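[1] Let me see the structure of the following:
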Amino acid sequence: PHFSSLTSFLKAVCPPLFIPGAGDQGLFTSLYTSLAQQLPREPMEWRRTYGRAPKMIHLEANFVQFKEELLPKEGNKALLTFPFLHIYWTDCCDTEVYKSTVKEDMMRWQNSLRTHGSADWVIIVVETNDTKKKNKTNILPRSSIVDKIRSDFCNKQNDRCVVLSDPLKDSSRSQESWNSLLLKLRTLLLMSFTKNLGRFEDDMRTLREKRTQPGWSFCEYFMVQEELAFVFEMLQQFEDALVQYDELDALFTQYVLNFGAGDTANWLGSFCAPVRSWSGLLLRRPIDMEKRDGIQRGEASLLDLRSYLFSRQCTLLIFLQRPWEVTQRALELLHNCVQELRLLEVSVLDGALDCWVFLSCLEVLHRIEGCCDQAQLAANCSHTVGLWAYATDKLKCLGELCGLVSEKGPTSEDLNRTVDLLAGLGDERPETVNSLQSPYKKLKEALSSVEAFERHYLELSHAAMEMYCAISRLRSARLVGKSLAEFYMRKGDPERAESFLQEALKSYVSEGWSLPVTHTRRQIAECQKLLGRTEDYLQTSALLAGDVNLTTEERKHFCQEILSFAGKTGDKSHKVSLSMSVFTQLTRLQFHPATASVHSGAILQVELTLRCLMPVSVRVQQLAASIHFDVDHGGTHGRSKGAQRQTNPGTVEFIQSSSSAGPPSSSNAGPSLELDEIQDRSPSDNSLNSTGVVCKNTHLVMRRHDSSSPPDTPNCVSPPTVAMKEGAQMLKVQDVMLEPGNNSITFTAPSGQPGTYTLRQLCATVGEVQFVLPHIYPSVQYEVYSQEPQLTVEPLTEPLLAGLPQMVKFTLLTGHYAVKKGDALQLSNTDTMPILPSSSCSARISSPLVGESILSIQSSEKVTSISLPPTPPYHTLEFQLEVLCIIPSGSERPSFAHFSLQMSIDCPWSIYSTLLALTFYIPFKTKHSLLSAGNRKYIQVCVQNVSDMNFTLAEVKLTEKQHASLELQSLNTKTQQTLYSVRAEILPPTGEQHCRSGFLCGLEVCITRLTEPAEGELAEDSKTDTDGLKTTKLMYEVADSSSNWAVCGKSSGMVSMPMTANATHKVQIEVMPLFAGHLPFPKIKVLKYLPHTAAVAIQPDPDSCVENDSLSLLDKTLDDQADTASIRSRGSVHSVGSGDQQQKGVAMPRLEPFSPGQVFNHTQARQVLVLPSTDDHIMEVNAT
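    Okay, here's the model as predicted:
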């Protein structure tokens, strides 16, 4: 901005601080020029109230002659005409003159100031040499005159009297005197200004607080606060001045909003008057006095107030060198004014607001152009483009309103409306009369004819679009282009309109604007229909037929457009190809079987799920899918196992975006990589030569997209249409009725030749229209394989044990080979693994199950021939044979616990023999040692079972292999059979998870009979109860020799055990753990109880001693004996009765231990977790 005329402008608008001068006017006149020039040169620090930051300002004063009329009257609070400082000028040096005239004049002057409450004054005494020469006789020293003035008028304010010496001379003394005077004047002037400004602000604040009272006027308050803005502007404090106007703007806006909410103010009535003039903003004047006077009189309209207020804000912003903020505020102002007129229900002629907005936009742009050069305008077009676009939009509205856009031109009614609008503009302002490109002339010319309107409208539209493109706001540029397209449609030029609509549609689709996409597509369809582009029209109609934003009737209309064309009979060789994504969507594909892998010749079905987007049922003459066939040699011949075949997903889900615009998906960034593993295997031995990774959808990934448009997706303007490629392999189904929604269609896939089949395209034919899906993505494929026969032999149970007959399972996967009648397997016989003959051996044919048949097995000295039953290809034949592996001995015995034997089999489908290996494990591990005792030799042989199978070692015999000269005597005792098993469980207290020390726990003892009794056992100690069941009596005892447990209550007892296998008896005993930790189980003993009828042992066995503290009256309860003697505790007694009776030979019951191995105790070496008790202990600690 240019500030050369700033000073003159401020003086014209806001006069400097008002300083009346009294006294010698001639003296003052001689000093005025120097005083006025030197006063504003030095800045002063201005410290404001309410903690506001200090500022450096230059004080400029307006010196006038003192008149009493200039003094402020009561109630007059104007700042612009307020006398901030009164100065009395005198150069009197004569005492008589001072007493006779000067003193009286000073007194009158001060009385006037005192009467009007003015306390800001200063007396300046000027001393010159000329005055001294004229009045030498009566001249007193200057100090005496100054002292008299100070004593007469400045008793307590001596600084109010200042001496200026020789002001017109160029001397150091004179300059020093001037500097002192100027500093004093600046200080007093600033003090007065600050004081009166603060008083003015307080009064203004008080007036604002009264705004809720009746009779308060915004216009009056506006003038008061604007005066404060003028004062700040005069001091060149433009930011503070702008704040005043912003506060007025906000206050008025709040009242308008309150009015819209129902809270009205009486003074708003003047702003609700109908709008009579819409001449736009006026920014070329510093102050629009005409509108200001209207505001002061309360006669301004809403547009007048807003225009004046914005013009003042614009002026201050330009002074602050912020022109781009002007454009931002202007755009907000224009939009807000339109809304405020609606809120206040102001009557406005149709089109008047459009005129006002159009003129205001151009006025702001011209004002900015006047203070900025072209380089600045080009670099900051982002700030001005909004005004260009808004002006373009309003000009278009005016053209439609005045009939300048239609093909037929304006009517008489349109012409009358144009005349009324031009009348409201009034006369052109003097500031723009000489301008050829003034907003007034542009609007008037644009409304004068159709050609002029089109020229101006296209000029503004293209200018706005270029600016939007320059700042990369393509969305806004395309929005202007869409408006331009509507203009061309009204003018009957669909070809130009379509290009703009297509560009707009790209933005809407890529950003997911659903409703604009639908609306724009309808416009495009209209253009395409008028241009006769049938294929494009059908494509767009298909998109609209599947658009859920349209009504059902509209969708049916566009669908019928497609069906009507499809039903036409024309050139059969040329069909219209459209994208299938606009007609139906492939959502799911499922193979049957689900493995998507079958052998050649097998049946494979492909089930497609299609979601039809049409609103009505559509009959499809043919639905076809093209297949790409790849001969996979490795899969056809090289693979020897079915598990090595590539596994394809049996069900593929396709993620589809909506046919109408939706949110931008990740697919817009391009399809993801679809990678697959490739292997190169040797045809001879199927060994892997090399492996790698290949991208299967390179044609999609590497395709180049336009940088300014999204990739081809179903949402695009015109989805790519690819003709169906006919091939030798096709999936076809005829005459399909597609209903709206999901439909299921089943194909039978070709599976004759082995290889990989990939589904490429899908095509639905509806009459003369083909809907083509160019790429089925993700890739879908199935495999057809041709498998060689495979024979495997595996154990029926693991592991195979040598030396025992074992069953092995033969499994034959026939593959592509069909087993015929008479085919047989020839197994080579070996001495180490003979095949045991079997009277009946059956074979099972499955996959699917066919049945069973009897195998014919013929053995000779060298070969075993197994005749196979007829079996179809790709079936499984299973049968079992019993083999025996001879355990090697001597030097042939292997050093390891297992060894492998190979079996050679000749198969009818191969000229080569098949070698199969079976691994056998030796079930025993043996070792021996030779011991010597004197002249005797002892041979100890240990046999260890290393298998999971149970063996019984019987008829142990050791013989000399070469010479029978030695006599070997067996020292092995007769093996005792295990008769009983003892199990025990310790149960924690109720409510506890673990046992705790000091708490009672339950010990449950379970005694189980394992075998049936032998004959000698029945005769020895059994009895027969009332039910005829043989029973025997056992004694149990629970004791703990390690003192870990305390047995509470009964610790031993007698049980009657039935002598049958699996007979069980349970006993409950209470025990208490004495310590915490992992404690071993208490020791549980089980003894034989022999009744008194049994023979008395001659020599007691010390091992049969029973430690029992609580058992008594044993024989009383069991044998009905009258003797109640108890078994002594901690003694060696093993019979019941007194010593005398034993000495007398009376038969008494006794306890006898079982032989080793007859009782198996499962609790041996078992432990139980015992937690410590939870007792709390108090420990006293003394600290010193």
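
[2] The helix or strand hosting Leu387: what's the following helix or strand?
    When secondary structure is defined using DSSP states H and E, the element that contains Leu387 is helix 381-401. Later in the chain than helix 381-401, the nearest helix or strand by DSSP H and E is helix 412-423.

[3] what's the model's confidence in the helix holding Leu387, averaged?
    Taken as a whole, helix 381-401 has an average pLDDT of 91.

[4] same question, stretch 899-917
    Computed over stretch 899-917, the average pLDDT equals 87.

[5] Outside of it itself, list whatever touches it.
    Taking contacts as C-beta atoms under 8 Å, 6 or more residues apart in numbering, the residues outside stretch 899-917 that touch it are 789, 791-793, 802, 817, 819, 823-828, 830, 832-833, 868, 885, 888, 918-920, 922. C-beta here means a position set from N, CA and C on the backbone, and glycine is covered the same way.

[6] Mind listing what's buried along it?
    For stretch 899-917, the neighbour count (16 or more other C-beta atoms under 10 Å) marks Phe899, Leu901, Met903, Ile905, Asp906, Cys907, Thr914, Leu916 as buried.

[7] ok so the fourth one is a helix residue?
    No. Judged by DSSP: H, G, I helix; E, B strand; the rest coil, Ile905 forms no part of a helix; its state is strand.

[8] what's the nearest residue to it if we skip its chain neighbours?
    Once flanking residues are discounted, Ile905 sits nearest to Thr914: 4.7 Å by C-beta to C-beta, 6 or more residues apart in numbering.

[9] Would you quantify the distance from the one you found to Ser867?
    When distances are taken as C-beta to C-beta, to the nearest Å, Thr914 and Ser867 turn out to be 17 Å apart.

[10] Strands of the stretch 1-150 of the chain, start to end?
    Counting by DSSP state E, counting those that start in this stretch, the stretch 1-150 of the chain forms strands over residues 17-23, 44-46, 55-57, 61-65, 86-90, 121-127, given from the N-terminal end onward.

[11] do you know which of the ones you listed lies nearest Glu554?
    Glu554 lies closest, by C-beta to C-beta, to one member of the strands of the stretch 1-150 of the chain: strand 55-57, at 66.8 Å.

[12] To what extent is the residue lying closest to Lys444 once chain neighbours are set aside buried, counted in neighbours?
    Counting by C-beta to C-beta, 6+ apart, the nearest residue to Lys444 once its immediate chain neighbours are dropped is Leu422, at 6.2 Å. Under the neighbour criterion other C-beta atoms under 10 Å, Leu422 is assigned a count of 15.

[13] My read is that Leu422 contacts Glu445, right?
    No. Leu422 sits out of contact with Glu445 when judged by C-beta atoms under 8 Å, with a separation of 10.8 Å.

[14] Return the members of the contacts of stretch 899-917 classed as buried.
    When the contacts of stretch 899-917 are checked for burial by 16+ other C-beta under 10 Å, the buried set is 789, 791, 793, 802, 817, 819, 823-825, 827, 833, 868, 885, 918, 920, 922.

[15] A helix includes the residue nearest to Ile905, no?
    No. Under the criterion used here (three-state DSSP), Thr914 is strand, not part of a helix.

[16] quick revisit: buried by neighbour count: which residues of the helix holding Leu387 qualify?
    Residues of helix 381-401 classed as buried by neighbour count (16+ other C-beta under 10 Å): 381, 383-401.

[17] which helices and strands sit right next to it?
    When contacts are defined as 3 or more C-beta pairs under 8 Å, 6 or more residues apart in numbering; DSSP states H and E, helix 381-401 sits against helix 323-343, helix 352-371, helix 412-423, helix 439-446, helix 450-470, helix 474-490.

[18] any idea of the angle the last one forms with helix 381-401?
    When you say that, I think you mean helix 474-490. Taking axes from the mean of the first three to the mean of the last three C-alpha atoms, to 10 degrees, helix 474-490 and helix 381-401 form an angle of 20 degrees between their directions.

[19] Pull out the buried positions in helix 474-490.
    For helix 474-490, burial by neighbour count (16+ other C-beta under 10 Å) applies to 474, 476-490.

[20] got the buried residues for the very next helix or strand once past that helix?
    Under the assignment DSSP H and E, the closest C-terminal helix or strand after helix 474-490 is helix 494-511. Of all the residues in helix 494-511, those buried under the rule 16+ other C-beta under 10 Å are 494, 497-498, 500-510.

[21] Kindly reformat those residues as JSON lines and extend each row with distance to Thr411 and pLDDT.
    As requested, those are exported to JSON lines (distance: C-beta to C-beta, whole Å; pLDDT from 0 to 100):
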{"residue": "Pro494", "distance to Thr411": "24", "pLDDT": "91"}
{"residue": "Ala497", "distance to Thr411": "24", "pLDDT": "91"}
{"residue": "Glu498", "distance to Thr411": "29", "pLDDT": "91"}
{"residue": "Phe500", "distance to Thr411": "28", "pLDDT": "91"}
{"residue": "Leu501", "distance to Thr411": "28", "pLDDT": "92"}
{"residue": "Gln502", "distance to Thr411": "33", "pLDDT": "90"}
{"residue": "Glu503", "distance to Thr411": "33", "pLDDT": "88"}
{"residue": "Ala504", "distance to Thr411": "31", "pLDDT": "90"}
{"residue": "Leu505", "distance to Thr411": "34", "pLDDT": "91"}
{"residue": "Lys506", "distance to Thr411": "37", "pLDDT": "88"}
{"residue": "Ser507", "distance to Thr411": "36", "pLDDT": "85"}
{"residue": "Tyr508", "distance to Thr411": "35", "pLDDT": "87"}
{"residue": "Val509", "distance to Thr411": "39", "pLDDT": "88"}
{"residue": "Ser510", "distance to Thr411": "42", "pLDDT": "84"}
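
[22] I'd like to know which of these is nearest to Glu45.
    Out of the buried residues of helix 494-511, the one with the shortest distance to Glu45 is Ser507. That distance is 56.4 Å, counting by C-beta to C-beta.

[23] now the angle from the helix holding Leu387 to helix 439-446?
    Orientation of helix 381-401 against helix 439-446 (the same axes, to 10 degrees) gives an angle of 40 degrees.

[24] Can we start the residue count at 669 from this point?
    New numbering, starting at 669: the last item is helix 1049-1069.

[25] Dump helix 1049-1069 to CSV, keeping only the CA atoms.
    Once side chains and other backbone atoms are set aside, the C-alpha atoms of helix 1049-1069 remain, and they are given as CSV (Å, rounded to 0.1, in the frame of the first residue of the first chain):
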residue,chain,number,x,y,z
CYS,A,1049,-4.5,-15.8,-6.0
SER,A,1050,-5.6,-18.4,-3.3
HIS,A,1051,-7.0,-15.4,-1.4
THR,A,1052,-8.9,-13.8,-4.3
VAL,A,1053,-10.1,-16.9,-6.1
GLY,A,1054,-13.1,-17.2,-3.8
LEU,A,1055,-14.3,-13.8,-4.8
TRP,A,1056,-13.9,-14.6,-8.5
ALA,A,1057,-15.9,-17.8,-8.0
TYR,A,1058,-18.6,-16.1,-6.0
ALA,A,1059,-19.0,-13.3,-8.6
THR,A,1060,-19.2,-16.0,-11.3
ASP,A,1061,-22.0,-17.8,-9.5
LYS,A,1062,-24.0,-14.6,-8.9
LEU,A,1063,-23.6,-13.6,-12.5
LYS,A,1064,-25.0,-17.0,-13.5
CYS,A,1065,-27.9,-16.5,-11.2
LEU,A,1066,-28.6,-13.1,-12.8
GLY,A,1067,-28.4,-14.6,-16.2
GLU,A,1068,-30.9,-17.3,-15.4
LEU,A,1069,-33.2,-14.8,-13.7
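
[26] Run the angle between that helix and helix 1080-1091 for me.
    Angle between the axes of helix 1049-1069 and helix 1080-1091 is 140 degrees (criterion: the same axes, to 10 degrees).

[27] for stretch 1123-1139, which positions count as buried?
    Of the residues in stretch 1123-1139, His1124, Tyr1125, Leu1128, Ser1129, Ala1131, Ala1132, Met1133, Met1135, Tyr1136 count as buried by neighbour count, 16+ other C-beta under 10 Å.

[28] Many thanks, have a good one.
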